[in-house]
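Engineer: sharing a model prediction with you, sequence too.
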Number of protein chains: 2
Amino acid sequence: MTVAETKRIQIGTYIFQRLAQVENLKSIFGVPGDFNLPFLEHIYNVPQLNWIGNCNELNAGYAADGYARINGLGVLTTTFGVGELSALNAVSGAYVEGSPVLHIVGTSATTAKRANNLGVHHLIPNKNTWDASQPHDVYEKMVAPFACVIEKLYDENMDTLQTQIDNAIETVYKQSRPGYIFLPANMANMAMEYDPSKPLELGKYFSNVSQAEDLAQKVLDKLYEKEFAVIADQWWKTRRAPLNKFVKENKLHCFSSYLGKSILDESNERFHGSVAGNLSCAGSREALQKFELAVHFGVVLNEMNNFGYWYPKDDVKEVIEVGKDFVRLDGELHTGVDGEAVFDFMMTKLDASKIKHDESLVLPGKPGVEQCQDKSKPVTQISLAATAENYLRPNDVLVSEMCSFLFSTPDIKLPSGLTFISQNYYGSIGFALPATLGASLAVKDSGEDRRVILVEGDGSSQMTIQELSSMIKYDVKPTILLLNNEGYSVERVVLGPTRAYNDIQKNWKWTELFKTFGDVEGKSVSTRVDSVDALEEALGKDNDKLKFIEVGLEKLDVPWRFGFLCGKAKK
Amino acid sequence: MTVAETKRIQIGTYIFQRLAQVENLKSIFGVPGDFNLPFLEHIYNVPQLNWIGNCNELNAGYAADGYARINGLGVLTTTFGVGELSALNAVSGAYVEGSPVLHIVGTSATTAKRANNLGVHHLIPNKNTWDASQPHDVYEKMVAPFACVIEKLYDENMDTLQTQIDNAIETVYKQSRPGYIFLPANMANMAMEYDPSKPLELGKYFSNVSQAEDLAQKVLDKLYEKEFAVIADQWWKTRRAPLNKFVKENKLHCFSSYLGKSILDESNERFHGSVAGNLSCAGSREALQKFELAVHFGVVLNEMNNFGYWYPKDDVKEVIEVGKDFVRLDGELHTGVDGEAVFDFMMTKLDASKIKHDESLVLPGKPGVEQCQDKSKPVTQISLAATAENYLRPNDVLVSEMCSFLFSTPDIKLPSGLTFISQNYYGSIGFALPATLGASLAVKDSGEDRRVILVEGDGSSQMTIQELSSMIKYDVKPTILLLNNEGYSVERVVLGPTRAYNDIQKNWKWTELFKTFGDVEGKSVSTRVDSVDALEEALGKDNDKLKFIEVGLEKLDVPWRFGFLCGKAKK
């Protein structure tokens, strides 16, 4: 056994250097604070990285989430307590939606932690006011539900630092869930030993591979038996390219789950829309029912995907589930297996000649929305969906807030390569605007030419509106559709259609926001539209600008699916 | 024993009715969401209460904190998960600063909790993706560090509802710390039994009184021995009036701790400024050193109050501490005793004739800042402090952000009856603006004629800027001084004076904000000033308006105290 040759490096610099080794990762989000300033200083040692200073920590967390959805990892740094807690809801959302966000928290110094003899600012004091000692780990203890990995760096464990830091980055990336590094303020400048020959291992399976290989063959053998359908669900966004290759090359009929929207190429003629019980797209459920066998990749179980306790097995005799961390086959649940490993083995072991096809099968369920007949009329949810469908182009990034429009999106036929970003299950309003900043920066950092389009409601946008300022500061140019219905229309349909609690301050001058938030160079254009014609015209021009389009809508106009969800409308 | 005659009432209505029994409590803050909508609906059964819909939940939490500081209780309601977590940092701050905020969280229905068979939106899913069951109490478990009371209402415990609801309100009020009520969405409309003869007991001591009475006499006996000084610290804001009566009627020399600012009447000639070791006001520490005995009420132990590990006993031979939950006397620590009870007994048992006075004592330490000589010059931290001191009037409410100006405030001589609001120890930037909304509504609800003045930095104000909109919506008229130094000046002095991470987007049109955020009726005036003259002129006019004054400052200009705190300036 040879002893690795180690080098010395400052901890802060090591962390940033490692992050810069993740493909396309060039932006670090956050807000400076006393306890992460020493860490931040090290970003200047790694020229590939840019500091993105957000307006607040919640916004920074949402932006990192949006970035992660495009580039595979989003990084956020805050000070502990005040900053960390402010960002917690964004991290929670990233956990729920499966977004790989690494939160690096600058904590109190190890000297203070050890001495523990006088309250440090930002930190909850002892409940007994006579006692000056303080639980320095109070916040660190809280994040367990929101993290797939938590690494607490400590200067008494200098030997494990490389392993800990690498493990945090690798685990967040592979698990596609958030994780934490807690970095005491006095450690950023400390020197650590590291082995420069050790690579970052971002694709590591979390289980041994022999079980996965065995299961892969069993799944394939089952699939060879008869014509089968493919259902793509949320967790398989990490296997988007090979999954699309699989369905296209083998001419497989395929479906999205509600949360799996945009994983499959919807321009594929064998794509039959989203299935979610009675919330399914027109014809989609009926198409699914034509099969006796389906394979469901990346299963997510919740009330959006499984509306009314509907499951694919209610419509298909036999469903094989290849999930994130399990396989269900022949009624048997196999846990502790990395489902992505199973899938990867399936792709390599596949014998395409064994796949059965019924070429005569003609299925209903083609995505696509009702087209608008009279474009001179006011915009409605129906005409908005049609306009969006016509406007979208291949490889666009579409971000939808948890607003009325989101409930139209399953019906919209998305062009090839489009990435759809939302918080369809967690549903934290305010997410989409900063996530759009993050997604826009991710596209920029990746060097690709993709448009980013945000659709959001007025109620939700007020939550995080100041992040428009960062779009100017960091020079990104998404197109923003602001749906103005004077409040929380989605909530109005749930309860209190005329109640004040569902109103917002309705007099905002939306089209002045970018100017007020510092667009002194004319990077943006803002306009209000009320007819479909005007909306189309606004979408069609000024394509070199950051575009803000305020769209007037009726207060109680929501897509059919939302009314149905609330038990207040028929399909 | 007679059996109480009970009545029936819907739970949501009971909660709001009880809240309306708290003196001056008329505003309820929050954001609507699916899980608190059924509760919100009940506010309309209690006409004394007004719904204040904030722009986001963090802002709602800060506003409830500001409200609580004036009216003794602030109430906030959100949906669980997304809303609750967003507000968590505000609740944490309220805990640290001792502000009585009650957070009522609308949770998933008890039916869903019991069935626990499919993920409910907003809620963290099971870590094992094959398992549809979900820990419905994941968020409820987290809030323990931030709460002095947690009441989880449950429909299997209908008999305890009155006790639980009353206990939450009473405990938050008395403890002056935040607490939680978790109200499942399906319970707001359920009917509960309650005893209408049971009053809310807001002043209840938390310990038995005989120990308190005994200790009170012992403290008094000690104080009768020799001339003593009084130090008022943060927890004694709940005993502001009797404490001021005590020092004035008995002609006692008195001091504030750093965090105790504004509890004592500073127009009192025997008030000698704030003491906090080397951060003390000029002459204050020397004045304190003239005493051999001091009584320190409402002790808070932390690095702001006890800068450089300084304690009052370093300057005074003997210090009696009467704290929130303890008494320290003759070197002995008595815990488990309600310090407010001790104090109340002291006030009733006091024999003023036994207090010793040395009328010849002449002490240094008079608060007051250096006056400005040339008002045509640009505003500096020094001239800003002088302008503030001259501008303030009795009974004003002064809110300071954790910005540069905060570190001038200990030196400013405050007029009688002024309430000073800040987060001097927790230090979550962004707090002050929504807290000003809350404080302004509290003043309005109390029917008093008090001005509310906010001083804050540009960096911090960006965090929560949209809450300006609520000032228009709810028609309050604070005066806002926005210190524009193009970023985080306080952080620049800590590290990175020229680093981009301490810059914000500097081109905001601050004076356009109110118009953009919907001031269509001309309720506000906004102006930019750069000289002291112009600042004074702006402060002097338009007193019937919501006033926004942008004050230009140099990037690295901070008060002496902050430089000193960072080890970068001399006193």
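Structural biologist: Nice, thanks for sending it over.
Engineer: quick one, what contacts residue A:461?
Structural biologist: Taking CB atoms under 8 Å, 6 or more residues apart in numbering or on different chains, we find residue A:461 in contact with A:401, A:430, A:433, A:482. Heads up, the C-betas are built off the backbone N, CA and C, glycines and all.
Engineer: what ranges of the stretch 151-300 of chain A fall below the confidence cut-off?
Structural biologist: Within the stretch 151-300 of chain A, not a single segment meets pLDDT under 70.
Engineer: all helices for it, in order.
Structural biologist: Per DSSP state H, counting those that start in this stretch, the stretch 151-300 of chain A carries helices over the ranges A:161-175, A:209-223, A:240-249, A:284-288.
Engineer: for chain B, which of those is the nearest?
Structural biologist: In terms of CB to the nearest CB, the element of those nearest to chain B is helix A:161-175, at 10.2 Å.
Engineer: which other residues reach the closest one?
Structural biologist: The contact list for helix A:161-175 (CB under 8 Å, 6+ apart) reads A:11, A:14-15, A:18-19, A:22, A:72-73, A:100-102, A:148-149, A:151, A:153, A:157, A:178-181, A:192-195, A:198, A:200-206.
Engineer: now do 6 Å
Structural biologist: A:15, A:18, A:73, A:100, A:102, A:148-149, A:151, A:179, A:181, A:192, A:194, A:201-202, A:204 (CB atoms under 6 Å, 6 or more residues apart in numbering or on different chains).
Engineer: in that helix, what's buried?
Structural biologist: Buried residues in helix A:161-175, counted by 16 or more other CB atoms under 10 Å in any protein chain shown: A:161-162, A:164-175.
Engineer: using CSV, write out every CA atom in that helix.
Structural biologist: The C-alpha atoms that make up helix A:161-175 are tabulated as CSV, following Å, rounded to 0.1, in the frame of the first residue of the first chain:
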residue,chain,number,x,y,z
LEU,A,161,-11.8,17.2,6.3
GLN,A,162,-11.2,16.1,2.7
THR,A,163,-13.4,13.1,3.1
GLN,A,164,-16.2,15.2,4.7
ILE,A,165,-16.1,18.0,2.2
ASP,A,166,-16.0,15.6,-0.8
ASN,A,167,-18.7,13.4,0.7
ALA,A,168,-21.0,16.4,1.1
ILE,A,169,-20.6,17.5,-2.5
GLU,A,170,-20.8,13.9,-3.9
THR,A,171,-23.8,12.9,-1.8
VAL,A,172,-25.9,16.0,-2.6
TYR,A,173,-25.0,15.6,-6.3
LYS,A,174,-25.8,11.9,-6.5
GLN,A,175,-28.8,11.9,-4.2
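Engineer: how many residues are close by residue A:233?
Structural biologist: Look at residue A:233: counted by other CB atoms under 10 Å in any protein chain shown, it has 26 neighbours.
Engineer: let me know the outermost residue of chain A.
Structural biologist: residue A:130 (45.4 Å; CA atoms, centre = their mean).
Engineer: count of residues packed around the closest residue to residue A:153 other than its chain neighbours?
Structural biologist: Excluding its sequence neighbours, the residue lying closest to residue A:153 (CB to CB, 6 or more residues apart in numbering or on different chains) is residue A:183, at 5.3 Å. Using other CB under 10 Å, residue A:183 has 26 neighbouring residues.
Engineer: ok so, going back, adding distance to residue A:426, write the buried residues of helix A:161-175 out as TSV.
Structural biologist: Putting the buried residues of helix A:161-175 into TSV (distance: CB to CB, whole Å) gives the following:
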residue	distance to residue A:426
A:161	33
A:162	33
A:164	28
A:165	28
A:166	29
A:167	26
A:168	22
A:169	24
A:170	24
A:171	21
A:172	18
A:173	20
A:174	21
A:175	17
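Engineer: and of these, the nearest to residue A:518?
Structural biologist: Among those, residue A:172 lies closest to residue A:518 (CB to CB), at 33.0 Å.
Engineer: quickly note the distance from the closest one to residue A:351.
Structural biologist: Note on residue A:172: its distance to residue A:351, by CB to CB, to the nearest Å, is 35 Å.
Engineer: which parts of the stretch 451-571 of chain A sit against chain B?
Structural biologist: Contact residues (CB under 6 Å from any CB of the partner chain) of the stretch 451-571 of chain A with chain B: A:462-463, A:465-466, A:469, A:473, A:491, A:494-495, A:501, A:505, A:507-509, A:512, A:516-518, A:520.
Engineer: 7 Å instead, please
Structural biologist: A:462-463, A:465-466, A:469-470, A:472-473, A:488, A:491, A:494-496, A:500-502, A:505, A:507-509, A:512-513, A:515-518, A:520 (CB under 7 Å from any CB of the partner chain).
Engineer: then the stretch 251-400 of chain A?
Structural biologist: A:299-304, A:306, A:309, A:323-326, A:333, A:335.
Engineer: out of those, which are buried?
Structural biologist: Buried, going by 16+ other CB under 10 Å: A:299-304, A:306, A:323-326, out of these.
Engineer: narrow those residues to those in strands?
Structural biologist: residue A:326 (DSSP state E).
Engineer: closest to chain B among the buried ones among the residues of the stretch 251-400 of chain A next to chain B?
Structural biologist: Of all those, residue A:302 has the smallest distance to chain B: 3.2 Å, by CB to the nearest CB.
Engineer: that closest one and residue A:520, how far apart?
Structural biologist: Using CB to CB, residue A:302 is found at 45 Å from residue A:520.
Engineer: report the contact partners of residue A:489.
Structural biologist: A:404, A:457, A:555-556, A:558 (CB atoms under 7 Å, 6 or more residues apart in numbering or on different chains).
Engineer: so the strand or helix carrying residue A:86 versus helix B:82-97, what angle?
Structural biologist: Assigned by DSSP states H and E, residue A:86 falls within helix A:82-97. Orientation of helix A:82-97 against helix B:82-97 (axes from the mean of the first three to the mean of the last three CA atoms, to 10 degrees) gives an angle of 160 degrees.
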